[in-house]
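1. need coordinates for the below:
(one chain, ligands or ions: 1)
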Amino acid sequence: MFGKRILLGITGGIAAYKIAYLIRYLKKEGAEVKCIMTPASCDFISPLVVSTLSQNPVAIEFWNKQTGVWMNHVELALWAELFVIAPATANTISKMANGGCDNLLLATYLSMKTKTVIAPAMDLDMYQHPTFKRNLAQLIEDGVFVIPATSGELASGLEGQGRMEEPEQILEFIKSKLEFSTALKNKKVLITAGPTYEAIDPVRFIGNHSSGKMGFELAKACLSQGYHVTLVSGPTNLELVHSNLELIKIESAEEMLSAVQSVWNQINIGIFAAAVADYRPNKKAEQKIKKSESEMTIALVKNPDILRWASDNRTNNQFVLGFALETNNSLENAFSKLYGKNLDLIVLNSLENKEAGFKKDTNKIVILDKQKTQIEFELKSKKEVAVDIINTIEKYLM
Ligand code: C5P
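-> As a prediction, this is how the structure comes out:
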């Protein structure tokens, strides 16, 4: 953990006294530690202890009343490679889940660009309360990692689940999280996006309404996590430039297939979001077709299924996610594609929702896995949906 930058958030629970040990362990491992305390936590552990052990000033208020110096939460969030909130009280978890921002710790959480880990601690009835469970579920959906509370004797004298995990175990969790995010940085993601255009003649084609927005948002979400991305896109109005991005623009399904084939063996994660035309004209006319007869027939032949090719040629280490856009029997059809195409996950978006699908900025998805788990998400912007999808893939890879 040498040189790793850990931001430690301490909130007001009795378990705060154990954080002194966590700071010592982190320092012993060579990590840099900065701490933010909520005002309430100062009743449980002295800021002097925290600052002495972490060898850094402790941030508590938005500004230091003695010096008038402003504490820059954005800078703290940018500095951190990982934000660990331990102990995390029911109050802080509730505010995190609902966008509350009335102290420095919460403002920093809202500014975080990397991962946040929480170690909840509270009394057993609070831990089982439906409100708390709802807030915790929300944080998990938002991509926060949770170190569950353990069972045992509690400060109230009662026994049950609610004890903060021991500092040694929190340290192990932090280590595995950091190793995982370092490993991620070397991972290569392939994303297919947009429609394909199947030429009829030099000026006409068969296409569809796909805008490519979902695929491009997925590429942006991956790039902001540090992945290397190859984005194979059909015709769209979208542009994306990034030092870790290779953008391959194609028109037809056959071109998309060869682009995918050219990189597939270097790819760790394949995300197939393109709306590939199922059929193409059996031949492209050399010249613009003149109108003559009152009726005209174009013979179509089946296009290659790019996703199927990729999953037929996958190694065990490659993770494959497909999309299903369904108008009826959505779940049933999506599950049969998940099994039929041998995918790890399938993202179902149903055209039954008016705010979801082609050309829209929002999407409503359900992610399905082979164990028949269905993870349902709210209607969200495609940007947020992309983050949900990447977070879900990461959880399956861990
Ligand atoms: O079978 P269906 O077209 O509904 O499957 C959808 C999934 O398969 C999507 O992930 C889509 O990108 C992918 N696909 C593909 N090549 C095709 C057809 C679909 O990659 N020719």
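
2. who in the stretch 201-350 of the chain is up against the ligand?
-> 253, 272-274, 276, 303, 305-307, 322-324, 337 (CB under 6 Å from any ligand atom). From N, CA and C alone the C-beta is placed, and that goes for glycine too.

3. could you turn the buried ones of these into a ChimeraX selection?
-> The buried subset of those, as determined by 16 or more other CB atoms under 10 Å, is captured in ChimeraX by this line:
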select :253,272,273,274,276,303,305,306,307,322,323,324,337
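
4. could the residues of the stretch 201-350 of the chain next to the ligand go into JSON lines alongside distance to residue 142 and pLDDT?
-> Formatted as JSON lines, those follow (distance: CB to CB, whole Å; pLDDT from 0 to 100):
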{"residue": "253", "distance to residue 142": "36", "pLDDT": "98"}
{"residue": "272", "distance to residue 142": "25", "pLDDT": "98"}
{"residue": "273", "distance to residue 142": "22", "pLDDT": "98"}
{"residue": "274", "distance to residue 142": "28", "pLDDT": "98"}
{"residue": "276", "distance to residue 142": "32", "pLDDT": "98"}
{"residue": "303", "distance to residue 142": "38", "pLDDT": "98"}
{"residue": "305", "distance to residue 142": "34", "pLDDT": "97"}
{"residue": "306", "distance to residue 142": "32", "pLDDT": "98"}
{"residue": "307", "distance to residue 142": "29", "pLDDT": "98"}
{"residue": "322", "distance to residue 142": "24", "pLDDT": "98"}
{"residue": "323", "distance to residue 142": "22", "pLDDT": "97"}
{"residue": "324", "distance to residue 142": "25", "pLDDT": "95"}
{"residue": "337", "distance to residue 142": "28", "pLDDT": "96"}
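
5. in strands, which of the residues of the stretch 201-350 of the chain next to the ligand appear?
-> 272, 322-324 (DSSP state E).

6. adding distance to residue 232, write those out as CSV.
-> Below are those laid out as CSV (distance: CB to CB, whole Å):
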residue, distance to residue 232
272, 10
322, 14
323, 14
324, 19
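
7. wait, which of the residues you listed is closest to residue 110?
-> When these are compared for distance to residue 110 (CB to CB), residue 323 wins out at 30.3 Å.

8. pretty sure the closest one sits against residue 349.
-> Yes: here residue 323 lies in contact with residue 349, judged by CB atoms under 8 Å, at a distance of 6.9 Å.

9. and for these two, which residues touch both?
-> Common neighbours of residue 323 and residue 349 are not found (criterion: CB atoms under 8 Å, 6 or more residues apart in numbering).

10. hmm, which helix or strand of this protein has the shakiest average pLDDT?
-> helix 167-185 (a mean of 83; mean pLDDT, DSSP states H and E).

11. since we're on residue 281, how many residues are nearby?
-> Residue 281 has 17 neighbours, counted by other CB atoms under 10 Å.

12. where does the chain dip in pLDDT?
-> 180-185, 352-359 (pLDDT under 70).

13. domain boundaries for it, per the record?
-> Domain segmentation of the chain under automatic domain parsing yields 5-183, 185-284+293-397.

14. touching, residue 280 and residue 298? I think so.
-> No: using CB under 8 Å, residue 280 is not in contact with residue 298, being 9.8 Å away.

15. more neighbours, these two?
-> Using other CB under 10 Å, the more surrounded residue of residue 280 and residue 298 is residue 280, with 23 against 16.
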